[in-house]
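[1] Sharing a model prediction with you, sequence too.
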Amino acid sequence: MSNKDKQVEASDQDQGEEAQIDSAEETASADEDVHLLLEDARNKADQHWNDLLRVQAELENLRKRNSRDLENAHKFGMEKFIQEILPVWDSLAMAVTAASDDNVDLDKMREGMDLTLKMMSSAMDKFNVEEINPEGQPFDPEQHQAMSMQETSDAAANTVINVFQKGYLLNGRLIRPAMVVVAKAPAAGTAGRKVDEQA
């Protein structure tokens with residue numbers, strides 16, 4: 001081999017060694033980059049895991065608080081209503097005591113009962129309880145319960161002529177229908193007979 005060939009071969013070897021060194025450095029640099037990316041990904045995953053645990057704990061606390069609030073609402077939701085009704089109860093108890101006295105003044109008893117009824121009406125108004133007293137109004141099956149029908153010429157057919165028991169609405173929702181007697185037109189033969197009897 002000539003000197004020139006030897007120099008070319010040595011030069012090729014030097015270039016090959018430099019290429020190997022460059023390749024090793026690039027591999028080491030790439031490994032370091034991958035290691036940094038992996039470390040960053042682990043840190044983010046740990047942070048997300050901690051965030052998830054915190055959110056789960058907050059949701060569990062919120063669920064427990066809502067459950068406790070709902071339970072208290074069921075237990076004590078009537079508290080304000082009861083506070084309004086207690087004076088009515090007290091008034092009725094005093095009326096019973098007064099009625100058992102031998103020297104009862106009926107006028108004072110009536111006055112006391114009227115005041116008690118006004119107290120009750122005021123308490124019901126505060127809680128949006130509305131009375132249904134449909135006497136003289138057309139029969140409404142959504143708010144009235146017909147107990148019977150009565151033939152009459154004094155009122156139009158399907159009109160409420162008597163109320164056995166008043167009905168009530170709570171915030172527009174039916175709590176108890178009014179129990180009523182509904183008018184129906186008299187039979188043709190019956191109307192003539194009534195006129196004859198009166199003559």
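    Received, thanks. Residues are numbered from 1 along each chain as shown.
[2] residue contacts, the residue nearest the centre of the chain?
    Central residue of the chain (CA atoms, centre = their mean): L70, 10.2 Å from the mean position. Going by CB atoms under 8 Å, 6 or more residues apart in numbering, L70 touches no other residue. Any C-beta I mention is one placed from the backbone N, CA and C, and that applies to glycine too.
[3] Surely it is in a helix?
    Yes - counting by DSSP: H, G, I helix; E, B strand; the rest coil, L70 is part of a helix.
[4] how near is K184 to G167?
    21 Å (CB to CB, to the nearest Å).
[5] how about the helices of this protein, start to end?
    Counting by DSSP state H, the chain has helices at residues 3-76, 79-99, 106-126, 188-198.
[6] Which one of these lies nearest to A157?
    helix 188-198 (12.9 Å; CB to CB).
[7] Now for the nearest residue to A157 once chain neighbours are set aside: which residues touch it?
    Once flanking residues are discounted, A157 sits nearest to A185: 4.5 Å by CB to CB, 6 or more residues apart in numbering. A185 makes contact with E151, S153, A157, according to CB under 8 Å, 6+ apart.
[8] What residues are recorded as beta-bridge partners of the first one?
    This points to E151. Under DSSP bridges, the beta-bridge partners of E151 are K184.
[9] pretty sure it is touching K184, no?
    Yes - E151 lies in contact with K184 (CB atoms under 8 Å); the separation is 5.6 Å.
[10] Looking at those two, which is more packed in?
    A count of neighbours by other CB atoms under 10 Å puts K184 above the other of E151 and K184, at 16 against 13.
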